[in-house]
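Asks: Take this sequence and fold it.
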Amino acid sequence: MLGLETQEVERKVLTILKILSDSKKPLGARIIADRLKKGYGIDLSERTVRYHLKLTDERRLTKLVGRDGRLITELGIEEISNALVEDKVGLAISRIELLTFLTDFNYDKATGSVPVNISIFPKDKFNKALHAMKPVFAEGLCVSDRIAVAYEGEQLGKLIVPEGHSGLATVCSLVINGTLLKAGIPMNSRFGGILQIQNHQPLRFVEFIRYDGSSLDPSEVFIRARMTSTRDVVKTGEGKILANFREIPALCRSVAEEMIDKLAKAGLRGLLVMGKTSEPVCEIPVELNRIGMAILGGLNPVAAAHEAGIEAKNYAMSTIMEYQNLVNFSEVAK
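Replies: Predicted coordinates for the structure are as follows:
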């Protein structure tokens, strides 16, 4: 166990790394110190920040660029993702709440911020990955046909694509949460799971991980464990896909249906099943006076690439991006 003083130092170092990861340009100690104070309430002098940066340079988490500016390295990004366990408990549900609040998609104009997942592929396998995803997009087993692509050294969301890699952003199903919240409908995000499909129809959840008890997005876990058969669903209508389970108050049903329909007309889908009041959905019990909803996972196309033997580093529920800046998948995978 780390001592309390050592833990505090590690948290400050991780916060510095987060600030650097959010910047495409090198940052100096003065700017970092200012952002620490204004954004995180951490009051460190420039001299102390320089001391920490010297240590992160030695650990190869950062690198010096120019006179005294720093960039985060790929090892530094990995360090953030492997942060202190006690700081990560419940992180999945926290990200859901944050991205839900930040989503401001306007379905009438098809503009505004939408939540996205980021996947980083080896550069030499990216075209093969796109080819593997193509049938999944064509079948509509995704939240949106819109994606964003970035190449090594370019920024995708808050991530800078590492050398030798290509990045892909896919729209996350949390766009439904955000849209319903703006319409005054509270949504309880219960879990992410594996949904069995039979005869092209949702049958039952066979595995699930609760958001409030996991530091990782469940989709990341299921993809890594090779528990999906998305390509089989496309080919035969039988198999297992990524899906999420949500609940809303029963009184909100008509408004929710209206909002979801407007999202679909704007090119954002995802609803698989909306149950009846207090009745199970895909064999999952629903609380009294609530309605259960099974929603497509945004990483299903990436799961198909993984099934084809092309692994990616996934950052589910990563950040938000402007919908109008995304492009149709068909324009990239020609």
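Asks: Spit out the contact partners of the residue lying closest to Ile72 once chain neighbours are set aside.
Replies: Nearest residue to Ile72, sequence neighbours excluded (CB to CB, 6 or more residues apart in numbering): Leu20, at 4.0 Å. (Each C-beta comes from the backbone N, C-alpha and C, glycine too.) Contact partners of Leu20, counting by CB atoms under 8 Å, 6 or more residues apart in numbering, are 27, 32, 62, 70-72, 76.
Asks: Which helix or strand lies directly C-terminal to the lowest-mean-pLDDT helix or strand in the chain?
Replies: Between all helices and strands in the chain, the lowest mean by mean pLDDT, DSSP states H and E belongs to helix 85-88, at a mean of 52. Remark: after helix 85-88, the chain's next helix or strand is helix 91-102, criterion DSSP states H and E.
Asks: Kindly indicate which of the contacts of Leu20 lies nearest Val171.
Replies: Ile72 (25.9 Å; CB to CB).
Asks: Show the residue spans covered by the helices in the protein.
Replies: For the chain, the helices defined by DSSP state H cover 4-21, 29-40, 46-58, 74-81, 85-88, 91-102, 126-139, 174-182, 218-224, 230-236, 253-265, 300-307, 329-332.
Asks: partner residues bridging Gln198?
Replies: Legend: beta-bridge partners of Gln198 under DSSP bridges are Gln201.
Asks: Surely it touches Ile241?
Replies: No - between Gln198 and Ile241 there is no contact under CB atoms under 8 Å: 11.7 Å.
Asks: ok, these two, which is more surrounded?
Replies: Each of Gln198 and Ile241 has its neighbours counted (other CB atoms under 10 Å); Ile241 has more, 26 against 12.
Asks: ok, the more buried one - contacts?
Replies: Per CB under 8 Å, 6+ apart, neighbours of Ile241: 141, 194-195, 197, 228-230, 233, 296-297, 300, 303.
Asks: just Phe105 next, same as before
Replies: For Phe105, the contacting residues are 111-114, 175, 178-179, 263, 266, 268, 323, by CB under 8 Å, 6+ apart.
Asks: out of those residues, which one sits closest to Val49?
Replies: Nearest to Val49, judged by CB to CB, of those is Ser113 at 30.9 Å.
Asks: beta partners for the closest one?
Replies: Per DSSP bridges, residues listed as beta-bridge partners of Ser113: Glu322.
Asks: Quick one: neighbours of it, just the number.
Replies: Neighbourhood size, Ser113 [other CB under 10 Å]: 18.
Asks: per-residue confidence for it?
Replies: Ser113 carries a pLDDT value of 94.
Asks: can you check Lys334 too?
Replies: We note a pLDDT of 73 for Lys334 in this prediction.
Asks: What separation is there between it and Val234?
Replies: Lys334 is 20 Å from Val234, where distance means CB to CB, to the nearest Å.
Asks: now swap in Gly275 and tell me
Replies: Counting by CB to CB, the gap from Gly275 to Val234 is 25 Å.
Asks: now do Gly184
Replies: Using CB to CB, one gets 37 Å for the distance from Gly184 to Val234.
Asks: Look at the two and report which has more neighbours.
Replies: Val234 (21 against 8).
Asks: ok, now which ones touch that one?
Replies: 135-136, 138-139, 141, 304.
Asks: Also Gln324?
Replies: Residues in contact with Gln324 (CB under 8 Å, 6+ apart) are 110-111.
Asks: Apply 10 Å and report the result again.
Replies: 106, 109-112, 114, 146 (CB atoms under 10 Å, 6 or more residues apart in numbering).
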